[in-house]
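> Test case, fold it:
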Amino acid sequence: MAQMLAKDSDLARQICALSRQRVLPHAVILSGAGDRLSAARFLAAAMVCRDERERPCLACGPCRKVAQEIHPDVHIVQDTERRELSVDSVRELRKDVYIYPNEGEQKVYIFADCQQLNERDQNVLLKIVEEGPPYAAFIFCTESTATLLPTIRSRCVELKLRQEDAQQESEQVAALCKALAGAELLPVASFLVALENQKPKREQVQQLLQDTWRIAAQALAAQCGGAAASASAEHLSRSLNRRQLQRLTELLKKYSMECNYNVGAGHILGAVCAEWEEIL
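Residues are numbered from 1 along each chain as shown. Got it, this is the predicted structure:
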């Protein structure tokens, strides 16, 4: 199951409030540091949720499908093999927008990384963002709004991930950090094998490695006199020596970057396990 924004975060509360008032905008920019894709899933769930009291409820069929990334009306637009989306894929998306939703009242397009949208692509998208059918919704994920053209920005509502949202740890990240803090091979190998058996997508593995990399870097900084930013970082800082933490951060950085290429998630997880054994 894909990671979702924590419901007690400021951004989640803001999305829930907009949803209760039935004023969720059809075009949103999710900006700032942190797991923007998790926030986008949460927002998309709010758009397709069937609960009449609290949206997203995260319990109804549509919400669960969004979390599992199998909802037929919620599309993550991303090319994991190229730096930019092809103009043909954007044009196909523009045609798809005018096909009615399969299950719900809205059809949601999540642009997971707006750096893949060049000026030509954004100009192609502009007309449907501005004049598309009433059921079409668009979520643009970007660290900085400067990535998007002013014409796109002017037609969207910006929602920001605050620092506390960016520091939310998923259960998977916390579990991996706990296994790493054991400074043994078996707990980490068991965690990675169990994860591989879930057949995760490459971008999910990348997010896990990136988040764990951030925490390992915080742990290393804490050993050098800084303050640990989370319980997981403090645990790693106490459990691993400086050499191990340095090599761990390098390992996590290396394989989170490898996820940008056409490499299977299982191969990446296996390589992480093998190099962790070398570190020990």
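> by contact count, what packs against whichever strand or helix holds residue 37?
Counting by DSSP states H and E, the secondary-structure element that holds residue 37 is helix 36-48. For helix 36-48, the contact count by 3 or more C-beta pairs under 8 Å, 6 or more residues apart in numbering; DSSP states H and E identifies helix 10-20, strand 27-31, helix 61-67, strand 74-77, strand 107-111, strand 136-142, helix 202-223 as packing neighbours. For the C-beta atoms, the positions are set from N, CA and C on the backbone; glycine is no exception.
> residue contacts, residue 152?
Taking C-beta atoms under 8 Å, 6 or more residues apart in numbering as the criterion, residue 152 is in contact with 122, 125-126, 129, 140.
> can you do 7 Å?
Residues counted as contacts of residue 152 (C-beta atoms under 7 Å, 6 or more residues apart in numbering) are 122, 126, 129.
> Now the spatially most central residue of the chain: closest residue in space, sequence neighbours ignored.
For the chain, the residue sitting closest to the mean C-alpha position, by C-alpha atoms, centre = their mean, is residue 37 at 2.9 Å. The shortest distance from residue 37 to any residue other than its chain neighbours is 5.3 Å, reached at residue 112 (C-beta to C-beta, 6 or more residues apart in numbering).
> where does that neighbour land on pLDDT?
The confidence metric pLDDT takes the value 93 at residue 112.
> How about residue 259?
In this model, residue 259 is scored at 83, pLDDT.
> Now do the phi/psi pair for it.
The phi/psi pair for residue 259 (degrees, to the nearest 10) reads phi -70, psi -10.
> how near is it to residue 205?
In this view, residue 259 and residue 205 are 6 Å apart by C-beta to C-beta, to the nearest Å.
> Which neighbours do these two have in common?
residue 268.
> State the distance from residue 3 to residue 244.
In this view, residue 3 and residue 244 are 26 Å apart by C-beta to C-beta.
> Same check on residue 147?
Relative to residue 244, and taking C-beta to C-beta, residue 147 is found at 36 Å.
> Residue 53 - how many residues pack around it?
Residue 53 sits with 6 neighbouring residues when counted by other C-beta atoms under 10 Å.
> Would you agree it falls within a helix?
No - if the criterion is DSSP: H, G, I helix; E, B strand; the rest coil, then residue 53 is coil and not within a helix.
> quick revisit: the helices and strands packed on helix 36-48: which one's closest to residue 275?
Of all the helices and strands packed on helix 36-48, the one in closest proximity to residue 275, counting by C-beta to C-beta, is helix 202-223 (12.0 Å).
> what's the angle from the helix or strand that that closest one is followed by to helix 202-223?
The helix or strand immediately downstream of helix 202-223 is helix 231-239, counting by DSSP H and E. Relative orientation of helix 231-239 versus helix 202-223 (axes from the mean of the first three to the mean of the last three C-alpha atoms, to 10 degrees): 60 degrees.
> oh, and call the first residue 19 from now on, that's how I've got it
All right, first residue 19 from here; so that's helix 249-257.
> outside of helix 249-257, which residues touch it?
When contacts are taken as C-beta under 7 Å, 6+ apart, the neighbours of helix 249-257 outside the stretch itself are 187, 192, 195, 198-199, 201, 233-234, 236-237, 240-241, 246, 263.
> mind running it again at 6 Å?
By C-beta atoms under 6 Å, 6 or more residues apart in numbering, the surrounding residues in contact with helix 249-257 are 192, 195, 199, 201, 233, 236-237, 240-241, 246.
> Identify the farthest-apart pair in these.
Considering C-beta to C-beta, no two members of those lie farther apart than 192 and 241, which are separated by 19.9 Å.
> Tell me the helix or strand right after the helix-or-strand element of the chain with minimal mean pLDDT.
Counting by mean pLDDT, DSSP states H and E, the weakest-scoring helix or strand in the chain turns out to be helix 181-184, with a mean of 52. Moving toward the C-terminus from helix 181-184, the first helix or strand encountered (DSSP H and E) is helix 189-199.
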